[in-house]
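K.L.:
Just the structure for this:
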Amino acid sequence: MNKDIDIVIYGATGFTGRLCAKYLSENYDSKEVKWAIAGRNLEKLEELNKELSLNVEILIADSEDQEALDVITARSKVILSTAGPFHRYSSKLVASCVKNRSHYTDITGENFWVKGLIDLHHENAAEKGIRIVPSCGYDSLPSDLGTFFAVQRMNKPVKRVESFHTGQGGASGGTIETMFSMGDLKLGKEMQDKFLLNPPNSISERQKELTSDSVGIRKDKDINSWSGPFIMAMANTRVVRRSAALFSERQLGYGKDFTYVEKAFYKSPFNAILVSITTLLAGIILFTPLRKLLRPLFPKPGQGPSEEVMQNGFFDCLLLVESEDGDKAVYRMHGKGDPGYRVTSKFVCESAIALTGDHNKLPGGEGYGGILTPASAFGEVLVERLVKSGITFEGPLTISD
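P.N.:
Presented below is the predicted three-dimensional model:
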């Protein structure tokens, strides 16, 4: 199979896809990485090529056209998909990647869809050594790779990690469309499963007993801040728990009966209460008939935050680690730029680049594959890549930091 293209950005004309194309064009020489753009609309792809002065190959495939997708994946070492909602536009693309031995990465936060990928493709991808790595954007890379970094630096078996998140940025029409589309799906009680993405027989009775996603508003003395519910925790926690389980399968687990919980952090109780109420109202809108009335008021797919908003954005993730012997330490992952778009495009592009390199340096080595997570697929390789691209990993810190 002649893999003559390193990376194909599928969904390149969407808001995040354009940012990914811009990131690769500004940071990687075409002689260093050969990449192409793909989607269903030739005219829009040609406009993008011209607008950004890309001079890269254009590939055409509708998300439902299995034959056209196979042509793309047969030529590609890595597919980078920004075509969401992913449950609508990327299922056949992943199937094609597994079929044609193309690695894959995306920015989804749709856990129910990832669960379906695991059921359909994990064993086949593992047998072929194909790394299918969803959730490499702000959903859920800081939580997952941040936890990996903190556990490795702790350098002893870990009992528990609590992560605390804050940030500033905007929302695109694509993200909003994904959120609104969730309300139309009959997902069932399975989605409340705290270990939804875990491999079979990977959860101990002690983990079941100690793991909870219920988060109240409180003053956390360990980080000297107020904390409360984090809107992305439902997606992120499942990814981190899968990572811990996948490492355990290779006798590299974080710790016996490891547990993980995720929160947001705030400077004041007023902010914690205000954001928590806003999060509750968002849930009411998205999962009731109100969503049909209010959807036209929000940005449409292809629209997104301004350049000023993206420049002034940031994300910050604190990780409180407790070892099995009772020691505690705080670690930190943070960076500048709108987390959902400017930072997300950096995350997923560097993830894709990591898949084009020497797989012997990646966790599991050459031949390791399956439906993986950012931490279990990339580990230290991606930490190093992100540090070089301006993301900061720190720790252990004193609380005053």
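K.L.:
Just name the shakiest helix or strand of this structure by mean pLDDT.
P.N.:
Using mean pLDDT, DSSP states H and E, the weakest-scoring helix or strand in the chain turns out to be helix 173-182, at a mean of 57.
K.L.:
Alpha carbons of the helix or strand following it, as CSV, please.
P.N.:
For helix 173-182, the following helix or strand on the C-terminal side (DSSP states H and E) is helix 205-210. Taking C-alpha atoms only, helix 205-210 is exported to CSV below (Å, rounded to 0.1, in the frame of the first residue of the first chain):
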residue,chain,number,x,y,z
GLU,A,205,-14.8,-3.0,43.3
ARG,A,206,-12.8,-0.3,45.2
GLN,A,207,-12.7,2.0,42.1
LYS,A,208,-16.4,1.6,41.7
GLU,A,209,-16.9,2.5,45.4
LEU,A,210,-14.6,5.5,45.4
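K.L.:
Check which helices and strands the helix or strand just after helix 205-210 is in contact with.
P.N.:
Once the chain leaves helix 205-210, the next helix or strand it forms, by DSSP H and E, is strand 218-220. In terms of contacts (3 or more Cβ pairs under 8 Å, 6 or more residues apart in numbering; DSSP states H and E), strand 218-220 is packed against strand 225-228. (C-beta placed from N, C-alpha, C; glycine too.)
K.L.:
Return the distance of the strand it packs on from the chain's centre.
P.N.:
Centroid displacement of strand 225-228 relative to its chain, using Cα atoms, centre = their mean, to the nearest Å, is 24 Å.
K.L.:
same thing with stretch 335-352?
P.N.:
On Cα atoms, centre = their mean, the centre of stretch 335-352 falls 10 Å from that of its chain.
K.L.:
Kindly report the same for stretch 149-165.
P.N.:
Centroid displacement of stretch 149-165 relative to its chain, using Cα atoms, centre = their mean, is 19 Å.
K.L.:
Could you do stretch 364-372 as well?
P.N.:
Averaged C-alpha coordinates place stretch 364-372 at 18 Å from its chain's average position (Cα atoms, centre = their mean).
K.L.:
CA atoms only: put it into PDB for me.
P.N.:
The C-alpha coordinates for stretch 364-372 follow below in PDB (Å, rounded to 0.1, in the frame of the first residue of the first chain):
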ATOM      1  CA  GLY A 364       3.500   0.400  23.400                       C
ATOM      2  CA  GLY A 365       6.000   0.800  20.600                       C
ATOM      3  CA  GLU A 366       5.700  -0.300  17.000                       C
ATOM      4  CA  GLY A 367       2.600  -2.500  16.400                       C
ATOM      5  CA  TYR A 368       0.600  -1.100  19.300                       C
ATOM      6  CA  GLY A 369      -2.900   0.000  18.300                       C
ATOM      7  CA  GLY A 370      -6.600   0.200  19.000                       C
ATOM      8  CA  ILE A 371      -9.100   2.900  19.900                       C
ATOM      9  CA  LEU A 372      -6.700   4.800  22.200                       C
END
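K.L.:
Now that stretch: average pLDDT?
P.N.:
Taken as a whole, stretch 364-372 has a mean pLDDT of 97.
K.L.:
Buried residues of it, list them for me.
P.N.:
G364, Y368, G369, G370, I371, L372 (16 or more other Cβ atoms under 10 Å).
K.L.:
export these to a markdown table and tack on distance to L397?
P.N.:
Formatted as a markdown table, the buried residues of stretch 364-372 follow (distance: Cβ to Cβ, whole Å):
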| residue | distance to L397 |
| --- | --- |
| G364 | 30 |
| Y368 | 32 |
| G369 | 35 |
| G370 | 34 |
| I371 | 34 |
| L372 | 29 |
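K.L.:
domains for the protein, by residue range?
P.N.:
For the chain, whose domains are defined here by automatic domain parsing, the residue ranges read 5-137+343-385, 141-339+392-397.
K.L.:
right, and out of the buried residues of stretch 364-372, which lies closest to M310?
P.N.:
L372 (28.6 Å; Cβ to Cβ).
K.L.:
check contacts around D144.
P.N.:
By Cβ atoms under 8 Å, 6 or more residues apart in numbering, the contact list for D144 reads S135, N236, V239, V240, S243, T373, P374, A375.
K.L.:
Just say which of the domains of the chain is most tucked in.
P.N.:
Sort those by mean neighbour count, taking mean count of other Cβ atoms under 10 Å, and domain 5-137+343-385 sits at the top with a mean of 21.
K.L.:
Compare the mean pLDDT across the domains of the chain and name the weakest.
P.N.:
When I compare those, domain 141-339+392-397 is least confident, with a mean of 87.
K.L.:
Show me how far that one is from its chain's centre.
P.N.:
Distance, stretch centre to chain centre, for domain 141-339+392-397: 11 Å (Cα atoms, centre = their mean).
K.L.:
Strands along the stretch 1-150 of the chain, start to end?
P.N.:
Using DSSP state E, counting those that start in this stretch, the strands found in the stretch 1-150 of the chain span residues 5-10, 35-39, 57-60, 76-81, 103-106, 131-133.
K.L.:
Tell me which of those strands lies nearest to E308.
P.N.:
Nearest to E308 among these is strand 5-10; the distance by Cβ to Cβ comes to 24.8 Å.
K.L.:
now could you export just the CA positions of that closest one as CSV?
P.N.:
Extracted as CSV, the C-alpha positions of strand 5-10 are listed here (Å, rounded to 0.1, in the frame of the first residue of the first chain):
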residue,chain,number,x,y,z
ILE,A,5,0.8,11.6,2.1
ASP,A,6,1.7,12.0,5.7
ILE,A,7,-1.4,13.8,6.9
VAL,A,8,-4.8,14.6,5.5
ILE,A,9,-7.0,17.2,7.2
TYR,A,10,-10.5,16.0,6.7
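K.L.:
So in that sheet, which strands flank that strand, and in what orientation?
P.N.:
When pairing is defined by DSSP bridges, strand 5-10 lines up against strand 35-39 (parallel), strand 76-81 (parallel).
K.L.:
Which one, of these, ends up nearest to H165?
P.N.:
Across those, closest to H165 is strand 76-81 (Cβ to Cβ), at 24.4 Å.
K.L.:
Now do F347 against D338, distance only.
P.N.:
12 Å (Cβ to Cβ, to the nearest Å).
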